[in-house]
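A.B. asks: curious how this folds, go ahead:
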Amino acid sequence: MTKVGGIIIIFIVLAVLFFLNWYVYQGVKTLLPVAWASRGKFAYWLVSGGISLWIGLTFFRIMQEGKISPTSQQSLNLFLTISVTQLTVIAFLFGEDIFRGLSATWSYFSAGLSSDDGGVYPGRRKFISQLAFSAAVIPFTGFVYGIVKGKYDFRTIRKTIYFPDLPEAFDGFTITQLSDIHAGSFTDMEAVKKGAALAASQKSDLFVFTGDLVNHRADEIEPMLEAFAQIRAPFGQYSILGNHDYGDYSSWPSPEAKRANFEQLKQKHKELGYDLLLDENRVLEKSGQRIRLLGVENWGVGFQSKGDLEKSLSGVAEEEFKILLSHDPSHWDEQVKKHPKNIHLTLSGHTHGMQFGIETPLFRWSPAQYRYPNWAGLVAEAGKYLYVNRGFGFHAFSGRVGIWPEITVIELRRG
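C.D. replies: Residues are numbered from 1 along each chain as shown. Just a heads-up that it's a prediction; the model follows:
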C-alpha cells in the first residue's frame, strides 16, 4: 500500500475511534460529580486520545510493513478489547437516545406546540449509563481472559459420523485433527507443549494436520518441533499446506529466498513426522479393506488457489471411501460437494471462528459467519460431510473469546 493510502486509512481509523470515544463520553459525563466534570473530561480525552493515536499508528505500521509484529499484536488486542467494550456501552446509550427522541417528539405533538415554541428533550438518565457500563464489564472481562488464558484453553471436541458405505474394517476408526498452529504467534511454550500432549493422548488411529503451520517463516516452528513430533498414530500422520505456509504475507529479499523458505517448510513437515500431501492421495488399509486419504494445496475463495482436486483424485475409483484434507472450507462449498466422485468427508480449518464469538447448544454467532457459510464444526449436505476445525493457534488478535482452541477427534462409524 502507498504511503498516501496508509495515511487515509489512519484518518478513517482515527475518525471511527473519535466517534466511539465521543459517544461513550456522553455516558461518562452523566456519572461524573459536578466538581470533577472539568478534570474528568480532560483526563478522559487525554487517555482515550493517546490510545487512539497509538492504535492508528499501529494500523499504519502494519500496512506499510505487511506483517504483524508482537508490538502491533498488543495494539490490536487493545483495539478490539476497547472497541467491543465501547460498542456495548453505546448499544445502551443509543437505545436510550431513540427513546429520548421519541419522547420529545410525542410531547411536542401531543402538546400542540409550534416549531417556535420548541419541545422538552429528556435528559440522559444516570441509571442507563450505570447499566451500560455495568454490562460492558462482561465483554471487557471476556477479552482480558481470552488474551491472557483463553488462547491456551485447549478443548477436545469429539464427533461421530455415520456412513452407510464405510468399509466394515474401518467401523470405529478414529482421526485426530489439528489445524492452524500458527507457530509464530506463540510465546508460552509450556502451554503449547500441554496442548500437543493433549492431542497425542487421544491415541487415534490416524492423525491429520490441515494447514497453516506458521505465520510467515518456516523457522517459526523450530521451538515446537519436539512437542508436535510426539503425536503419532498407527495409520500415520498426514498434513497439508494453508495460505500462510507459502510465505506470501512477508517481504523477502529475493524470489530465491522465498522459495528457500518454502522448501525449508516442507522439510519441517518431515521433521515433524508428517507426510505432506501436495495434491496427492494415500491408501489406508485395514484387514484387507481400504480407504483413500486425499490432500490438496491451499484452495480458497479470496486466497491463492493452488490446490488441484482432480490431481489428488488420480487413481481413485468412484466407489472408494474418500477423506479429503483441504485447508479452506470454501473449497468444499465451491468444488468438493459438487464433485461427481463422492468425497465422503472433508476436514478443514482456516477460519479460526474469527477467535471471537458465542457458541451454546441453542445459539451460535461469530463474525466469521459473514465471510464463511461454514465456519466451525460439522456440516452435512446430500450425504457429504465437512468438518471445520476452530484452530490450535491464533493470528493477529492474540487471544480467543468464546471460540476456544480445538483438538478434534472424529470417529467413523458404519450405519
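A.B. asks: can you check what pLDDT the model gives residue 102?
C.D. replies: Residue 102 carries a pLDDT score of 85 in this model.
A.B. asks: now do the SS call for it.
C.D. replies: helix (DSSP: H, G, I helix; E, B strand; the rest coil).
A.B. asks: quickly note the distance from it to residue 230.
C.D. replies: To residue 230, residue 102 is 63 Å away according to C-beta to C-beta, to the nearest Å. C-betas here are computed from N, CA, C, even on glycine.
A.B. asks: next one: residue 27
C.D. replies: Residue 27 is 52 Å from residue 230, by C-beta to C-beta.
A.B. asks: just list whatever residues bridge to residue 292.
C.D. replies: Following DSSP bridges, residue 292 is listed with bridge partners residue 283, residue 322.
A.B. asks: so it touches residue 318, yeah?
C.D. replies: No. Contact criterion C-beta atoms under 8 Å: residue 292 and residue 318 do not qualify, at 11.0 Å.
A.B. asks: in the chain, where is pLDDT below threshold?
C.D. replies: 1-6, 63-67, 69-71, 111-121 (pLDDT under 70).
A.B. asks: compare residue 27 and residue 230 (neighbour count), which wins?
C.D. replies: In this view residue 27 and residue 230 are compared by other C-beta atoms under 10 Å, and residue 27 has more residues nearby, 23 against 15.
A.B. asks: and the more buried one, what does it touch?
C.D. replies: Residues in contact with residue 27 (C-beta atoms under 8 Å, 6 or more residues apart in numbering) are 89, 92, 93, 124, 128, 129, 132, 133.
A.B. asks: okay, now the domains of the chain?
C.D. replies: The chain breaks down into these structural domains: 3-148, 154-414 (assignment by automatic domain parsing).
A.B. asks: tell me the most buried of the ones you listed?
C.D. replies: Among those, ranked by average contacts under mean count of other C-beta atoms under 10 Å, first place goes to domain 154-414 (a mean of 19).
A.B. asks: measure that one end to end?
C.D. replies: 29 Å (C-alpha to C-alpha, to the nearest Å).
A.B. asks: and for stretch 311-329?
C.D. replies: This stretch, stretch 311-329, spans 19 Å end to end (C-alpha to C-alpha).
A.B. asks: which SSE is residue 191 in?
C.D. replies: Per DSSP states H and E: residue 191 is located in helix 189-200.
A.B. asks: adjacent strands (with direction) for the helix or strand following that helix?
C.D. replies: Next along the chain after helix 189-200, taking DSSP H and E as the criterion, comes strand 206-210. Note on strand 206-210: by DSSP bridges, its sheet partners are strand 173-178 (parallel), strand 237-240 (parallel).
A.B. asks: who wins for proximity to residue 353 among these?
C.D. replies: Closest approach to residue 353 among these (C-beta to C-beta): strand 173-178, 14.8 Å.
A.B. asks: before we move on, back to that, of the contacts of residue 27, which belong to helices?
C.D. replies: Judged by DSSP state H, these include 89, 92, 93, 128, 129, 132, 133 as members of helices.
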